[in-house]
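1. sequence unavailable; structure follows:
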């Protein structure tokens, strides 16, 4: 369900209950205003895009704090960019800004790795480093959530090195 405002989110949850639908709550801009209702619903919340202007009325309450607030409440939080609205390469920056706004760093990593995979139902294959899963990963020169300017040092796809910095 694509919903920014609290009333739209609650309407989506009501419709999902009424028609026995399994949904995710995409955008969830005002999720921090209805934490108790979201916890009761127990659906994944895909927060974002948080980067960018508050160009529409439904973005008035937008804050980087939302992801951390919902995570601390026990919800499965995914941080999204709504690509191509905000390009996907800004995802680590968005997660880092959520950390700066109070989200635990470990939670921010989960919000851009295993949580999205779990909400899509593909977590048996991707989203974490475990035997038998796809082994695609990037090693950085600095933590991309906390250090601007870190660069990819080495990239692995299917367990094979496909890029190595000079």
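-> Structure's in. What do you need? Fair warning: this is a prediction, and the values are worked out from it, not measured in the lab.
2. work out for me the element the residue lying closest to residue 165 once chain neighbours are set aside sits within.
-> Residue nearest to residue 165 in three dimensions, not counting chain neighbours: residue 153, with 5.0 Å by Cβ to Cβ, 6 or more residues apart in numbering. (Each C-beta comes from the backbone N, C-alpha and C, glycine too.) In this structure, residue 153 sits in strand 152-157 according to DSSP states H and E.
3. likewise for residue 106?
-> Going by DSSP H and E, residue 106 is part of helix 105-111.
4. dihedrals phi and psi, residue 93?
-> phi -60, psi -40 (degrees, to the nearest 10).
5. quick check: pLDDT value at it.
-> If you check residue 93, the pLDDT there is 93.
6. does it touch residue 49 like I think?
-> No - applying Cβ atoms under 8 Å as the test, residue 93 and residue 49 come out as separate, 11.0 Å apart.
7. out of those two, which sits in the more crowded spot?
-> Each of residue 93 and residue 49 has its neighbours counted (other Cβ atoms under 10 Å); residue 49 has more, 20 against 15.
8. contact partners for residue 153?
-> Residue 153 makes contacts with 138-141, 164-165, as judged by Cβ atoms under 8 Å, 6 or more residues apart in numbering.
9. 10 Å instead, please
-> 138-142, 163-165 (Cβ atoms under 10 Å, 6 or more residues apart in numbering).
10. got the buried residues for the helix ranked longest in the chain?
-> Counting residues, the longest helix found in the chain (DSSP state H) is helix 6-18. When neighbours are counted by 16 or more other Cβ atoms under 10 Å, the buried residues of helix 6-18 are found to be 6, 8-10, 12-13, 16.
11. and those, which two are the farthest apart?
-> Distance extremes for the buried residues of helix 6-18: the farthest pair is 6 and 16 at 15.6 Å, using Cβ to Cβ.
12. and the pLDDT for the one residue sitting closest to the centre of the chain?
-> Most central in the chain under Cα atoms, centre = their mean is residue 79, positioned 1.6 Å from the mean C-alpha point. Per-residue pLDDT puts residue 79 at 98.
13. quick one: pLDDT of the residue lying closest to it once chain neighbours are set aside?
-> Leaving aside its chain neighbours, residue 79 sits nearest to residue 111 (4.4 Å; criterion: Cβ to Cβ, 6+ apart). Confidence at residue 111, expressed as pLDDT, is 98.
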